[in-house]
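J.: I need the structure of the sequence given here:
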Amino acid sequence: MISRHLLLIGTGASLLAGCAASPQTDPAFTRAQAEVAAAANNPDVFEFARPQLQEAQGALKQSESAHDSATVDHFAFLASRYAETAAQIARQKKAEQVVLNAPAARNAVARSSSRLTSARTGTLRRRSSSTMVRPTPPTRPAAPVTRIMTSAADTQI
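T.: Residues are numbered from 1 along each chain as shown. Predicted structure coming up:
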């Protein structure tokens, strides 16, 4: 029984020692990992800012392989800045692309709108021709009535 307690105490102590010996992750490194991962998952960053994304990933690898916390923090900071720069460049280039494509998009909307309008009027014409109701011919306005005023002397015979 005593040996059993000693075994449990020894196991618990070794678990605690193992947890204490594991290195703590640096918060700057964790934040940099998240920012680089977010940039890597953004298709616009991958398309428009691939060199900056590669710089961020390289700095993150250097931070991961560093041995002292100052170097880890330094490269984690660089990785964060490169990831942020990549996201900014991607947003800017995407906006520039939207501006360049705006005239074509405007023309496409205008063509689509004109097709829709012509389709609507064609539908209305078909409906009106398929019914057997014939329009009534336009009526002429009545001629204005002119009243000739005669004097009282003209009316006596």
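J.: which residues of this protein score low on pLDDT?
T.: Residues of the chain that meet the criterion pLDDT under 70 lie in 1-24, 116-138, 141-157.
J.: try it again with 50
T.: 4-8, 10-13, 15-22 (pLDDT under 50).
J.: mind listing the helices in it by residue range?
T.: Taking DSSP state H, the helices of the chain run over residues 2-21, 27-41, 43-48, 50-65, 69-130, 152-155.
J.: Determine the set of other helices and strands touching the fifth one.
T.: Under the contact criterion of 3 or more C-beta pairs under 8 Å, 6 or more residues apart in numbering; DSSP states H and E, the helices and strands touching helix 69-130 comprise helix 27-41, helix 43-48, helix 50-65. No exception for glycine: its C-beta is placed from N, CA and C like everyone else's.
J.: same check, this time on the fourth one
T.: For helix 50-65, the contact count by 3+ C-beta pairs under 8 Å, 6+ apart identifies helix 27-41, helix 43-48, helix 69-130 as packing neighbours.
J.: Reformat those helices into TSV and put distance to Ala59 and mean neighbour count next to each item.
T.: Output for these, formatted as TSV (distance: least, C-beta to C-beta, whole Å; neighbours: other C-beta atoms under 10 Å):
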stretch	distance to Ala59	mean neighbour count
helix 27-41	8	17
helix 43-48	15	16
helix 69-130	4	14
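J.: want to try a markdown table for these, with distance to Thr139 as columns?
T.: Shown next, in a markdown table, are the helices and strands packed on helix 50-65 (distance: least, C-beta to C-beta, whole Å):
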| stretch | distance to Thr139 |
| --- | --- |
| helix 27-41 | 74 |
| helix 43-48 | 67 |
| helix 69-130 | 21 |
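J.: For Glu55, which of the ones you listed is the nearest?
T.: helix 69-130 (4.5 Å; C-beta to C-beta).
J.: now the angle between helix 27-41 and that closest one, please.
T.: 30 degrees (axes from the mean of the first three to the mean of the last three C-alpha atoms, to 10 degrees).
J.: between the helices and strands packed on helix 69-130, which one is nearest to Ala105?
T.: Of all the helices and strands packed on helix 69-130, helix 43-48 comes closest under C-beta to C-beta, at 18.0 Å.
J.: Who are the packing partners of that closest one?
T.: Right, helix 43-48 is packed against helix 50-65, helix 69-130 by 3+ C-beta pairs under 8 Å, 6+ apart.
J.: Which of the helices and strands packed on helix 69-130 sits closest to Ala104?
T.: Nearest to Ala104, of the helices and strands packed on helix 69-130 and by C-beta to C-beta, is helix 43-48 at 19.1 Å.
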